[in-house]
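*Asks:* Dropping the sequence and predicted coords here.
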Amino acid sequence: MSSIQEIQNEIISEFEILGDDKESTIFYIMELGANLESFPDSERVEENIIKGCQSKVWLIADDKDGRVHYQADSNTDITKGLISLLIRVLNDRTPKEIIDANLDFINRIGMGGIIGSQRSNGLAAMIKQMKLYALALQTKQNA
Amino acid sequence: MSFPIDKIRQMFPILHQEVHGKPLIYFDNAATTQKPQTVIDSLSGYYLHDNANIHRGAHALADRSTRYFEDSREAVQHFINARESAEIIFTKGTTESINLVAYTFGRKFINEGDEIIISTLEHHSNIVPWQILCEEKGAILKVIPINDAGEILFEEFEKLLSPKTKLVSVVHASNALGTINPVERVIEAAHKAGAKVLLDGAQSTSHLEIDVQKLNCDFLALSAHKLYGPTGLGVLYGKRELLESMPPFQGGGEMIKEVSFEKTTFNDIPFKFEAGTPNIGDVIAFKYALDFIREIGKSKIKEHEDSLLAYANELLLPIKGFIPVGTASNKVSVLSFNINGMHPFDVGVMLDARGIAVRTGHHCTQPLMKRLGLEGTVRASFAVYNSKSEIEQLAEGVARIARIKNK
């Protein structure tokens, strides 16, 4: 399994190929969303909605052999694409790796300029929630 | 003579820029319009040459700024054909104008069991102040229903009217859908029932001829920034006898006649409702926005905007997956829509990538969206400086986006 940094570098080069054209970048992000693992309908409930996102985002996490396995969904395609990037970087890693992760790919691909400030806040809320799940699992493991 | 679109566009410096490497196409005019050079020059000119607090100044600058300030009041008076300039009160915007009426007229004249009528089309700013008042007074808020096209059901409105109705507060033109309400009939029927009428003119005043005497509305609220003027400025028009019968809104300087610790007597209208130092620079600049509109002519503007809306409908309606929202027969130049299978926010971001600015979401009309069974819409709203070629760009963008989910 590649390291968090290696995957981040992969993403950065993929976005570099797209260049400065915002429209192709948005289309690419939307396509990424189609790759998300299908989200269980039973989990599409209020408690799993991330606060601070303008679009609806559902996120759940499971303990898979001591690693965090995330599943997420959204009612908007661009947001789905953004979540799929985060999941690609953080999924099935140890809580410590997730908590310590410095997700600099977001700034390095200039995501703020692509998705705007409101969605950037939403993205920050998603990362926070993903890290909180990791922290919860770590606390459980150390108990 | 054809519409001088190139000349008009030259007057708006902000339009001549690129966004994401594409020429800016500004279709968010229902949220706020851009400002002509004359308004911008007036703002900087005021701070460069004239800035002084108005009224009661014994020096030249105060005299000048007072004169310009009151000239603007007269310009607004003529713009809506009020009987006198004292009926024009400057506020922060439509929202504050409506709140002013709720807090003064409402507190004094609306009592327990009285009824206020609004419509399903209202912006939150014409819902919430009345809810607060009704809560406080034990009054009742009634809502005129609409049909699926987004038009109020006039017969239902008539059924809601009763001797208990004290106020009808309705939007002149819907910000979310563009529907123009039959306000002449609404006002006539409300007056027959003995109720006063407030018109929310935030969206209508830039598109339609407004004659408050002919309309016979009791109040009209509007915002300068939707009329090519500065932000943070609005107007409340009210009939003299009503304004005189209402208590002040806020206490402070300017609104008093005489203050002692025992008793204060209040100033005459409009000053009674303008406590504190007003937004002087913006008020003065607003006159230039009104001059801009007057020089082109409202009927010419409306004709141009109607042709843009008709052209947009012609190009967009055939696009597979395009769903128009709000299909009233009488509309201002607002085109609300959705694309089958797509979230409005995503559509907005993708149009932005093409340099096209639109608004997405509930447009501060959540009860309306609920009635229509929608989470929100994409809204393109057209103004005097928009062109047919910009509509073509919009249609091309929408067609490309719609193809993603509607092959």
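*Replies:* Alright, I've got the coordinates.

*Asks:* sec struct for B:Val197, please.
*Replies:* strand (DSSP: H, G, I helix; E, B strand; the rest coil).

*Asks:* Relative to B:Glu392, how far out is it?
*Replies:* 41 Å (CB to CB, to the nearest Å). (Glycine included, C-beta is placed from N, CA and C.)

*Asks:* Give the residue from the two that has the larger number of neighbours.
*Replies:* B:Val197 (22 against 13; other CB atoms under 10 Å in any protein chain shown).

*Asks:* Measure how buried B:Arg83 is and give me the count.
*Replies:* Using other CB under 10 Å: B:Arg83 sits among 11 other residues.

*Asks:* Doesn't it lie inside a helix?
*Replies:* No. Using three-state DSSP, the secondary structure at B:Arg83 is coil, not a helix.

*Asks:* for it, what are its contacts?
*Replies:* B:Gln213, B:Arg240 (CB atoms under 8 Å, 6 or more residues apart in numbering or on different chains).

*Asks:* can you do 6 Å?
*Replies:* Neighbour list for B:Arg83: empty [criterion: CB atoms under 6 Å, 6 or more residues apart in numbering or on different chains].

*Asks:* Backbone dihedrals for it, both of them.
*Replies:* When read as degrees, to the nearest 10, the backbone of B:Arg83 gives phi -70, psi -40.

*Asks:* So, low pLDDT: which residues of the chain?
*Replies:* You didn't pick a chain, so chain A it is. A:52-54 (pLDDT under 70).

*Asks:* not quite, I wanted chain B
*Replies:* B:1.

*Asks:* interface residues of it facing chain A?
*Replies:* B:His20, B:His343, B:Phe345, B:Asp346, B:Val349, B:Met350, B:Ala353 (CB under 6 Å from any CB of the partner chain).

*Asks:* now those residues as TSV including distance to B:Leu43 and secondary structure?
*Replies:* Putting the residues of chain B next to chain A into TSV (distance: CB to CB, whole Å; DSSP: H, G, I helix; E, B strand; the rest coil) gives the following:
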residue	distance to B:Leu43	secondary structure
B:His20	28	coil
B:His343	38	coil
B:Phe345	33	helix
B:Asp346	37	helix
B:Val349	32	helix
B:Met350	35	helix
B:Ala353	32	helix
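
*Asks:* Determine which two of these are furthest apart.
*Replies:* B:His20 and B:His343 (20.0 Å; CB to CB).

*Asks:* Give me the more crowded residue out of these two.
*Replies:* Neighbours per residue (other CB under 10 Å) separate B:His20 from B:His343, with B:His343 holding more: 23 against 17.

*Asks:* was I right about that one contacting A:Thr76?
*Replies:* Yes. The criterion here is CB atoms under 6 Å, and B:His343 meets it with A:Thr76 at 3.7 Å.

*Asks:* Next SSE downstream of the strand or helix carrying B:Leu242?
*Replies:* Using DSSP states H and E, B:Leu242 maps to helix B:240-245. Under the assignment DSSP H and E, the closest C-terminal helix or strand after helix B:240-245 is strand B:256-259.

*Asks:* Give me the distance from that next one to the chain's centre.
*Replies:* 33 Å (CA atoms, centre = their mean, to the nearest Å).

*Asks:* In it, which residues are buried?
*Replies:* B:Ile256 (16 or more other CB atoms under 10 Å in any protein chain shown).

*Asks:* Show the secondary-structure elements that it is packed against.
*Replies:* strand B:264-266 (3 or more CB pairs under 6 Å, 6 or more residues apart in numbering or on different chains; DSSP states H and E).

*Asks:* What does the closest residue to chain A within the stretch 51-200 of chain B show for phi and psi?
*Replies:* Of all residues in the stretch 51-200 of chain B, B:His124 sits closest to chain A, at 17.1 Å by CB to the nearest CB. Here is the backbone geometry of B:His124 (degrees, to the nearest 10): phi -50, psi -30.

*Asks:* Now for it: which residues touch it?
*Replies:* Per CB under 6 Å, 6+ apart, neighbours of B:His124: B:Cys364.

*Asks:* Helix or strand: which one has the residue nearest the centre of chain A?
*Replies:* In chain A, the residue lying closest to the centroid (CA atoms, centre = their mean) is A:Leu86, at 2.4 Å. Assessed by DSSP H and E, A:Leu86 sits inside helix A:77-90.

*Asks:* residues making contact with the helix or strand that that helix is followed by?
*Replies:* Under the assignment DSSP H and E, the closest C-terminal helix or strand after helix A:77-90 is helix A:95-100. Helix A:95-100 has contacts (CB under 6 Å, 6+ apart) with A:Val68, A:Leu90, A:Lys131, A:Ala134, A:Leu137, A:Gln138.

*Asks:* So is the helix or strand hosting the third one next to chain B?
*Replies:* Taking DSSP H and E as the criterion, A:Lys131 maps to helix A:111-142. No. Using CB under 6 Å from any CB, helix A:111-142 never reaches chain B; the gap is at least 6.9 Å.

*Asks:* That helix packs against which elements?
*Replies:* Using 3+ CB pairs under 6 Å, 6+ apart: helix A:111-142 touches strand A:57-64, strand A:67-74, helix A:95-100.

*Asks:* packing partners for the second one?
*Replies:* Read that as strand A:67-74. Using 3+ CB pairs under 6 Å, 6+ apart: strand A:67-74 touches strand A:57-64, helix A:77-90, helix A:111-142.

*Asks:* Out of these, which is closest to A:Gln5?
*Replies:* Going by CB to CB, the one of the helices and strands packed on strand A:67-74 nearest A:Gln5 is helix A:77-90, 9.4 Å.

*Asks:* Run through who's touching the closest one.
*Replies:* In contact with helix A:77-90 (CB under 6 Å, 6+ apart) are residues A:4, A:7, A:29-30, A:32-33, A:35-36, A:55, A:70, A:72, A:74, A:98, A:123, A:130, B:346, B:349.

*Asks:* Convert that helix to PDB, retaining C-alpha atoms only.
*Replies:* Output in PDB follows, covering the C-alpha atoms of helix A:77-90 (Å, rounded to 0.1, in the frame of the first residue of the first chain):
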ATOM      1  CA  ASP A  77     -21.700  15.200  -7.700                       C
ATOM      2  CA  ILE A  78     -18.800  17.700  -7.100                       C
ATOM      3  CA  THR A  79     -18.900  17.000  -3.400                       C
ATOM      4  CA  LYS A  80     -18.900  13.200  -4.100                       C
ATOM      5  CA  GLY A  81     -15.800  13.700  -6.100                       C
ATOM      6  CA  LEU A  82     -14.100  15.600  -3.300                       C
ATOM      7  CA  ILE A  83     -15.000  12.900  -0.800                       C
ATOM      8  CA  SER A  84     -13.600  10.300  -3.100                       C
ATOM      9  CA  LEU A  85     -10.300  12.100  -3.100                       C
ATOM     10  CA  LEU A  86     -10.200  12.100   0.700                       C
ATOM     11  CA  ILE A  87     -11.200   8.500   0.900                       C
ATOM     12  CA  ARG A  88      -8.500   7.500  -1.600                       C
ATOM     13  CA  VAL A  89      -5.900   9.100   0.600                       C
ATOM     14  CA  LEU A  90      -7.100   8.100   4.100                       C
END
